[in-house]
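Trainee: structural data only, the sequence is not supplied:
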């Protein structure tokens, strides 16, 4: 599991969640997050090994898509009651709500 950089990850679970997070991807400030109008900025944490961050290009790769700052993004999963989803959380993401992205 990565231990540095702007992409939050967590250990892969056995089951998925069914909430939907739709918003605008933001990649500045050392924290990949989603502008989510009802809540403000939310940190999506991805299953370890399923998403990648290309620092040079500024591109998040998730499933079959590539997303850059300002792109619309929709992610399935669920909100976490804690900022620690059991994986890696960038320091710059501290204090933001966490959305655990489903691996399915």
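Mentor: Done, it's in. Computed from a prediction, not measured in an experiment: that's the story for all the values here.

Trainee: secondary structure element holding the spatially most central residue of the chain?
Mentor: Geometric centre of the chain, nearest residue: residue 44, 2.3 Å, by Cα atoms, centre = their mean. Assessed by DSSP states H and E, residue 44 sits inside strand 40-47.

Trainee: measure how buried residue 33 is and give me the count.
Mentor: 26 (other Cβ atoms under 10 Å). C-beta here means a position set from N, CA and C on the backbone, and glycine is covered the same way.

Trainee: next one: residue 97
Mentor: When counting by other Cβ under 10 Å, one arrives at 18 neighbours for residue 97.

Trainee: was I right about it contacting residue 45?
Mentor: No. Taking contacts as Cβ atoms under 8 Å, residue 97 lies outside contact range of residue 45: 10.9 Å.

Trainee: what's the overlap in contacts for these two?
Mentor: Common neighbours of residue 97 and residue 45, counting by Cβ atoms under 8 Å, 6 or more residues apart in numbering, are residue 80.

Trainee: partner strands of the helix or strand harbouring residue 21 and their direction?
Mentor: Assignment of secondary structure by DSSP H and E places residue 21 within strand 19-26. Its sheet considered, strand 19-26 pairs with strand 33-36 (antiparallel), strand 72-80 (antiparallel) by DSSP bridges.

Trainee: alright, I will stop here.
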